[in-house]
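A.B. asks: Below is the structure, and that's it, no one-letter string:
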């Protein structure tokens with residue numbers, strides 16, 4: 001497998017061989033909510049110090065079953081009705097699919113046995129009330145509670161899919177840094193594709209197709225904004241500054257859409273809202289992992305620009321340049337635009353294809369074609385079903401947000417908004433998580 005370089009590369013460097021993708025692994029964290037038959041959220045059993053009680057009632061049974069079957073980790077996210085399920089490292093795409101199936105079967109088996117509780121996805125939830133649920137007792141979360149108050153922390157009631165991508169090569173740290181810088185240009189595309197938060201707390205339609213983006217990136221100040229392109233030393237100094245200013249009590253608690261994880265040897269993609277179906281979880285996870293691996297494959301090749309299939313040229317040198325970097329505020333504006341307009345968003349300038357006035361769905365289509373050209377990448381991450389799944393979304397426009405909107409629209413005007421939101425949770429979100437992969 002070879003890459004034909006652009007005309008910007010000297011003629012004696014026409015082709016460069018890729019390194020193997022065999023060293024790449026991935027893992028993901030998926031956040032959701034536990035709901036009862038009325039659609040309201042329910043807290044997991046916990047002690048006065050915040051520790052979970054694994055032997056206490058149905059919640060403990062559910063917790064133990066999920067952890068055992070998934071061979072991963074489980075813990076509350078911000079609140080005790082907001083579980084976060086984490087896989088262990090998956091060695092390739094097929095392994096990730098198998099672990100996702102095991103995780104789904106574990107959740108399905110226990111929720112069916114209990115009959116009253118369900119695990120649901122979605123970027124935001126229409127019935128949540130941050131003033132009534134206990135914050136998970138971690139030092140950083142308790143500090144936020146003290147500084148901002150319980151009601152302000154209801155902004156943290158958002159659910160995300162986080163993907164970790166790693167490789168064990170000797171220059172992995174430098175590759176991760178360059179991949180993080182280059183990944184910034186894909187933030188709006190991934191946000192639009194994975195939109196899933198059209199209804200906000202209080203059971204009111206908010207006009208955004210994903211309310212999570214506005215809430216998440218406004219909560220934690222400078223730690224949550226789209227990070228600037230940085231060198232390795234600049235990133236380390238940035239973390240040290242945040243800790244010195246007591247904005248971080250753990251290096252790992254850095255909220256950025258894409259980052260080099262401060263603790264784990266991974267690139268972490270964080271801007272995706274939790275899908276309503278397990279199929280979306282695994283397909284979006286594999287897409288993000290393949291994208292990071294593809295970007296890292298250019299490291300050390302002297303490649304400046306990449307001709308894209310059908311449309312445009314990706315200026316990869318500018319994407320990972322730390323001196324003349326793409327301004328982070330422009331990417332953040334596009335991220336928020338994607339959260340409001342979704343796949344129909346019209347980008348004034350697309351930093352991936354280099355095109356002006358391009359629909360974001362067209363840019364995503366070029367991205368899929370670009371990844372598909374790399375046969376080794378497709379094989380390692382088992383991308384054929386993923387590419388089909390995402391192309392179907394682009395063809396029909398049925399993102400997970402649009403499916404929520406369509407369901408509520410079909411209910412008609414006879415029902416109250418509150419009743420529509422209840423049915424949205426109990427008959428759409430709950431049932432969606434039961435669908436096969």
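C.D. replies: Perfect, thanks for sending it. Worth saying up front: this structure is predicted, and the values here are computed from it rather than measured.

A.B. asks: CA only for contacts and neighbour counts going forward, please
C.D. replies: Noted.

A.B. asks: excluding its backbone neighbours, what's nearest residue 437?
C.D. replies: In this structure, residue 437 finds its nearest non-sequential neighbour in residue 279, 4.5 Å apart by C-alpha to C-alpha, 6 or more residues apart in numbering.

A.B. asks: again, but for residue 305
C.D. replies: Excluding the flanking residues, the one nearest residue 305 by C-alpha to C-alpha, 6+ apart is residue 315, at 4.5 Å.

A.B. asks: Just read off the phi/psi values of the one you found.
C.D. replies: phi -80, psi 80 (degrees, to the nearest 10).

A.B. asks: Now do it against residue 372, distance only.
C.D. replies: Distance, residue 315 to residue 372, using C-alpha to C-alpha, to the nearest Å: 19 Å.

A.B. asks: residue contacts, the residue nearest to residue 305?
C.D. replies: By C-alpha atoms under 8 Å, 6 or more residues apart in numbering, the residues touching residue 315 are 304, 305, 306, 351, 352, 354.

A.B. asks: Help me confirm that residue 25 is found in a strand?
C.D. replies: Yes. According to DSSP: H, G, I helix; E, B strand; the rest coil, the state of residue 25 is that of a strand.

A.B. asks: Would you verify that the residue nearest to residue 437 is located in a helix?
C.D. replies: Yes. Counting by three-state DSSP, residue 279 is found in a helix.

A.B. asks: Please look at it and residue 436 and confirm they touch.
C.D. replies: Yes. Look at residue 279 against residue 436 with C-alpha atoms under 8 Å: they come within range, at 7.2 Å.

A.B. asks: Looking at these two, which has the bigger crowd around it?
C.D. replies: Legend: neighbour count by other C-alpha atoms under 10 Å for residue 279 and residue 436, higher for residue 279 (21 against 11).

A.B. asks: and that one, what pLDDT?
C.D. replies: At residue 279, the model reports a pLDDT of 96.

A.B. asks: wait, what's in contact with residue 183?
C.D. replies: Shown in contact with residue 183 (C-alpha under 8 Å, 6+ apart): 258, 292, 295, 319.

A.B. asks: I'd like those residues as a markdown table, with neighbour count, secondary structure and pLDDT appended.
C.D. replies: Below are the contacts of residue 183 laid out as a markdown table (neighbours: other C-alpha atoms under 10 Å; DSSP: H, G, I helix; E, B strand; the rest coil; pLDDT from 0 to 100):
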| residue | neighbour count | secondary structure | pLDDT |
| --- | --- | --- | --- |
| 258 | 23 | strand | 80 |
| 292 | 24 | helix | 93 |
| 295 | 19 | helix | 92 |
| 319 | 24 | helix | 83 |
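
A.B. asks: where's residue 347, which helix or strand?
C.D. replies: strand 346-349 (DSSP states H and E).

A.B. asks: which secondary structure elements does that strand contact?
C.D. replies: If you count contacts as 3 or more C-alpha pairs under 8 Å, 6 or more residues apart in numbering; DSSP states H and E, strand 346-349 packs onto strand 356-359.

A.B. asks: Can you point out the buried residues in the helix or strand just after the strand it packs on?
C.D. replies: Next along the chain after strand 356-359, taking DSSP H and E as the criterion, comes helix 360-372. Going by neighbour count (16 or more other C-alpha atoms under 10 Å), the buried part of helix 360-372 is 360, 361, 362, 363, 364, 365, 366, 367, 368, 370, 371, 372.

A.B. asks: Which neighbouring elements make contact with helix 360-372?
C.D. replies: Packing partners of helix 360-372 (3+ C-alpha pairs under 8 Å, 6+ apart): helix 187-193, helix 278-296, helix 375-380, helix 384-396.

A.B. asks: Mind putting these into a markdown table with distance to residue 325?
C.D. replies: Putting the helices and strands packed on helix 360-372 into a markdown table (distance: least, C-alpha to C-alpha, whole Å) gives the following:
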| stretch | distance to residue 325 |
| --- | --- |
| helix 187-193 | 15 |
| helix 278-296 | 16 |
| helix 375-380 | 27 |
| helix 384-396 | 30 |
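
A.B. asks: Quick one: closest of those to residue 100.
C.D. replies: Ranking the helices and strands packed on helix 360-372 by proximity to residue 100 (C-alpha to C-alpha) places helix 278-296 first, at 6.8 Å.

A.B. asks: quick one, that closest one and helix 384-396 angle?
C.D. replies: Per axes from the mean of the first three to the mean of the last three C-alpha atoms, to 10 degrees, the angle that helix 278-296 makes with helix 384-396 is 110 degrees.

A.B. asks: Now do the next helix or strand along the chain from helix 278-296, average pLDDT.
C.D. replies: Counting by DSSP H and E, the next helix or strand C-terminal to helix 278-296 is strand 306-307. Here strand 306-307 scores 92 as its mean pLDDT.

A.B. asks: which stretches of the stretch 201-350 of the chain form strands?
C.D. replies: Listed in chain order, the strands of the stretch 201-350 of the chain (DSSP state E, counting those that start in this stretch) span 204-205, 258-260, 267-273, 306-307, 313-314, 346-349.

A.B. asks: Looking at those strands, which one is packed in the most?
C.D. replies: strand 267-273 (a mean of 27; mean count of other C-alpha atoms under 10 Å).

A.B. asks: pLDDT below threshold where in the protein?
C.D. replies: Across the chain, the ranges flagged by pLDDT under 70 are 1-19, 44-74, 110, 113-115, 127-156, 170-171, 201-207, 214-255, 322-323.
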